[in-house]
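# Give me the fold of what follows.
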Amino acid sequence: MGISKASPALLCSTLSFALLPLASAVAQANESESSNDTSELDPIVVTATLGPRTVGESLSSVTVIDEEEIREKAPNDFQDLLHGQPGVSVKTNGSFGKTTSVYTRGTSNASTLFMVDGVRLHSATSGGASWQYFPPELVERVEIVRGPKSSLYGADALGGVVQAFTLDPEKDRTGWIEAGTGNFDTQKTAAGVGGKFGNTRVSLSGVHRETDGTAVVTDGEDKGYRNTSGVGRVAHEFHSGGEASVMMFQSGGSTEYDGGEIDYLLRTVGASLDAPVNDYWRQRVQFSESRDETENLAWGSEFNTRTRIARWTNTLTWDVHEFAVGTELMSDEVKSTTAFDETSRTNAALFGQLRLNFGPSDLQLSLRGDDNEAYGTNDTGAIALGHQFDRSHRMRVSYGTAFRAPTFNDLYYPLEVYGPDSSYSGNPELEPEESETLELGFSGNYQTWFWDVAAYQLDVENLIALETDSSGLMSPKNVDKARIRGLELQSGLKVNGWTGKASVSLMDPENKANGKDLEHRSTQTLKLDLSKQIDTWNLGATLVAANHSYDDEANDDRLPGYGTLDLRAGWNFAPGWSSKLSVKNVFDKERQISEKSDGVYYITAGRTAMLTVRYDFQ
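Next comes the predicted model:
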């Protein structure tokens, strides 16, 4: 379905209409909201700042997806959790483990940093994360932070940060097992065990999924996907108040695409120690390694990247104020059948954040300096001011700078000739993309519902884009500028067994070089989600709609808008036992993603259904 550029009012009115059935419940909730000083809809987050804060106190635009929501929606892929969230859009080259790009506030896929339990996960050659291989079954929480965070995390946090938290055992969690089946001959089995033994928490869980898949291009053949993943965690709390933990995650398998098959492996290992020095000073040390490895069986090519990070953070507190300062050393390494001109680079950084509280007002200042042996030094900073008018209403205003690092492909890819008139080569003279973002936000947070609105403008310079010279040589260059303006509205409600969420994203992603829209960015997106708990049943529906986008820089190839409806039903039919039926894309709408060749488009699957049964050991 298409949505015209002149329809922001329609989107907003649809948002309001969808929440009308809950209006009376909201009114009842407001009558009693004064009895609680805090709301379960203002959760603690750790990604937006260098320490735990509520969403309101973080002075950032944050969306939290908790374990209850993840289990209720039973997503087939991790990116299903991100699709349609405020300011976030997802592009895939087909369904079931196919190449996926995540665009946060109109920035590129490589401008959204992905972390797992604090460990950066990305491919140093392509720049982005392999979202399609990360299993949602092993996640209990996701934090999506929109806006620049390079002053905290360095390169690639230009558009925002997504952090997934794997399962952390509790006293009453001893184990679970799950099995599922669906159309396209999809099968899934998953299991986990964990618990708390004195001051030590241990968990181990895994999942295996395979499917014959469906066509990924117009009139193509079905393309399958196989994935086996596992995660293990051990954490020990010291009597002094500190904690030591070790986490290991691995995801491996194979995926077919139009023309061949890829074997892949993702692996992260992280070890951290958080310890108090005294009542006012805490230290945290973290060591991590992540791998992103792929082998293209059709071409006989391999791209294996490894990232190692050592990070040391000191947090000093006095009264209600806090100062964090630290250092980070990161190295990227590439091993490939492609002979890159350089195969490693290191980055050293020094960073700090000051958080001050003056009664109803908060002030945050952050600064970071990165020194990379490949592309030089980059200094980034941010300032944010927040004010709480009363117990329920806040405002925030922020300004931040960020940068995106050139990838190994951008910098070092060797000259490759495709024909007499076409070739490609990296460009070692590239500079990082740089951005400035100004944001203004207001929010209301009550006992059972919340709302948030944010307006922003993001200006990007030195955009890395491919240029072709007169000889036919394609090479990345710092040539373009972009200005992205946007408005994000979201609201949520949880009362009397009803849970509702709604969001609208309006965006103007302009390429300043030609005045056109940036590719693959819809300017209007709507998401509505509603569920109801009825005794032992939970029923729910999710609607995501977006208007058209363009597949090329000149905006000549227009991709149609779309609307999809997902339905789900869960039943706790016996003690410890539950079942879930989910139907994605109920009306079986085939969505065109991008053009592969003349008249041939990458497409998503039509209607997909999955039935699972789960047993939780008591």
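
# Spatially nearest residue to residue 575 (excluding sequence neighbours)?
residue 618 (7.5 Å; C-beta to C-beta, 6 or more residues apart in numbering). For the C-beta atoms, the positions are set from N, CA and C on the backbone; glycine is no exception.

# so how far is residue 195 from the one you found?
Remark: distance between residue 618 and residue 195 (C-beta to C-beta, to the nearest Å) = 12 Å.

# overlap in contacts of these two?
By C-beta atoms under 8 Å, 6 or more residues apart in numbering, residue 618 and residue 195 have these common neighbours: residue 174.

# Give me the more crowded residue out of these two.
residue 195 (15 against 9; other C-beta atoms under 10 Å).

# Dig out what the more buried one forms beta bridges with.
Beta bridges link residue 195 to residue 202, judged by DSSP bridges.

# Give the residue spans of the chain that score low on pLDDT.
1-41, 171-173 (pLDDT under 70).

# In terms of secondary structure, what does the helix or strand harbouring residue 233 contact?
Assessed by DSSP states H and E, residue 233 sits inside strand 222-237. If you count contacts as 3 or more C-beta pairs under 8 Å, 6 or more residues apart in numbering; DSSP states H and E, strand 222-237 packs onto strand 200-215, strand 243-257.

# Residue 469 versus the nearest residue to residue 472 once chain neighbours are set aside, what's the distance?
Spatial nearest neighbour of residue 472, chain neighbours left out: residue 421 (4.3 Å); criterion: C-beta to C-beta, 6+ apart. Distance, residue 421 to residue 469, by C-beta to C-beta: 11 Å.

# Tell me where the stretch 301-450 of the chain has helices.
408-412 (DSSP state H, counting those that start in this stretch).

# Show me the strands in it, by range?
Under the criterion DSSP state E, counting those that start in this stretch, the stretch 301-450 of the chain contains strands at 301-318, 321-336, 344-358, 361-372, 376-388, 393-404, 416-419, 422-424, 433-445, 449-468.

# could I get the ones you listed as CSV with mean neighbour count and distance to residue 549?
Shown next, in CSV, are the strands of the stretch 301-450 of the chain (neighbours: other C-beta atoms under 10 Å; distance: least, C-beta to C-beta, whole Å):
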stretch, mean neighbour count, distance to residue 549
strand 301-318, 17, 28
strand 321-336, 18, 32
strand 344-358, 17, 33
strand 361-372, 19, 33
strand 376-388, 18, 29
strand 393-404, 21, 21
strand 416-419, 10, 27
strand 422-424, 16, 25
strand 433-445, 20, 21
strand 449-468, 19, 18
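
# check contacts around residue 345.
331-332, 372-374.

# Verify the stated contact: residue 235 with residue 270.
No - at 11.4 Å, residue 235 does not count as touching residue 270 under the criterion of C-beta atoms under 8 Å.

# hey, what's in contact with both of these two?
With C-beta under 8 Å, 6+ apart as the test, residue 235 and residue 270 both reach 245-246.

# Compare the two and say which one has the larger neighbour count.
Counted by other C-beta under 10 Å, residue 235 and residue 270 do not tie: residue 270 has more neighbours, with 22 against 19.

# Angles on the backbone of the more buried one, please.
phi -140, psi 140 (degrees, to the nearest 10).

# Do I have it right that it meets residue 121?
No - applying C-beta under 8 Å as the test, residue 270 and residue 121 come out as separate, 10.4 Å apart.

# The longest strand seen in the chain: how far from the chain's middle?
Identified as the longest strand of the chain according to DSSP state E is strand 473-495. Computed by C-alpha atoms, centre = their mean, to the nearest Å, the chain-centroid distance of strand 473-495 equals 14 Å.

# Repeat that for stretch 584-599.
Per C-alpha atoms, centre = their mean, the centroid offset for stretch 584-599 relative to its chain is 23 Å.

# Buried ones in that stretch, by neighbour count?
584-585, 591, 593-596 (16 or more other C-beta atoms under 10 Å).

# go on, stretch 506-518?
Within stretch 506-518, judged by 16+ other C-beta under 10 Å, the buried ones are 506-511, 516-518.

# ok, residues contacting that stretch?
Stretch 506-518 has contacts (C-beta under 8 Å, 6+ apart) with 8, 11, 87, 105-106, 479-488, 521-525, 549-550, 553-555.

# Return the members of these classed as buried.
Buried among the contacts of stretch 506-518 (16+ other C-beta under 10 Å): 8, 11, 87, 105-106, 480, 482, 484-488, 521-525, 549-550, 553, 555.

# Tell me the strands beside the strand holding residue 233, with direction?
By DSSP bridges, strand 222-237 pairs with strand 200-215 (antiparallel), strand 243-257 (antiparallel).

# Quick check: buried residues in that strand?
For strand 222-237, the neighbour count (16+ other C-beta under 10 Å) marks 223-227, 229-235, 237 as buried.

# which one of these sits closest to residue 257?
The closest of the buried residues of strand 222-237 to residue 257 turns out to be residue 223 (C-beta to C-beta; 6.1 Å).

# How about whichever strand or helix holds residue 113, which residues are buried there?
Secondary structure assignment for residue 113, by DSSP H and E: strand 112-116. For strand 112-116, burial by neighbour count (16+ other C-beta under 10 Å) applies to 112-116.

# do the same with stretch 568-588
568-571, 578, 580-585.

# what residues does that stretch touch?
With C-beta under 8 Å, 6+ apart, stretch 568-588 has contacts from 72-74, 76, 80, 180, 531, 536-542, 564-567, 604-618.

# Now with 7 Å, please.
Under the contact criterion C-beta atoms under 7 Å, 6 or more residues apart in numbering, stretch 568-588 has outside partners 72-74, 76, 536-540, 564-567, 606-618.

# Buried subset of those as a ChimeraX selection?
Burial among these is assessed by 16+ other C-beta under 10 Å; the matching ChimeraX selection reads:
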select :72,73,74,76,538,540,564,565,566,606,608,609,610,611,612,614,615,616
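
# If residue 609 is in a bridge, with which residues?
Beta bridges link residue 609 to residue 583, judged by DSSP bridges.

# doesn't residue 182 make contact with it?
Yes - using C-beta atoms under 7 Å, residue 609 is in contact with residue 182, at 5.3 Å.
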